[in-house]
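# Sharing a model that was predicted from the sequence below.
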Amino acid sequence: MGYALPEIKINGWNALVKELGYAGATKFILIYESGKGNYTRERKKLFKNVAVEDIFNEIKNRS
């Protein structure tokens, strides 16, 4: 199965500290924004006529 929410929170914090240090991790948490709106609805509109293969090929061609 997956991680429980408390484990995700702890592991996420530890990953931030590992990469950014305590000060950087704290700054990230302070500036983090969860966003607004309905991502699912917006995503459906944005990708309405786009095939998965097209997205895959675009990503592949960028690397």
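Received the coordinates, thanks.

# So for the lengthiest helix in the chain, what gets flagged as buried?
In the chain, with assignment by DSSP state H, the single longest helix is helix 5-31. Neighbour counts over helix 5-31 (16 or more other Cβ atoms under 10 Å) mark 16, 25 as buried. Using the backbone N, CA and C atoms, a C-beta is placed for each residue, glycine as well.

# now it, how far from the chain's geometric center?
14 Å (Cα atoms, centre = their mean, to the nearest Å).

# any idea how far stretch 37-57 is from the chain center?
16 Å.

# Equivalent analysis for stretch 33-42, please.
Taking mean C-alpha positions (Cα atoms, centre = their mean), stretch 33-42 and its chain are 12 Å apart.

# Over to stretch 50-61?
With Cα atoms, centre = their mean, you get 19 Å for stretch 50-61.

# do stretch 55-63 as well
Its chain's C-alpha centre lies 19 Å from the corresponding centre of stretch 55-63 when counted by Cα atoms, centre = their mean.
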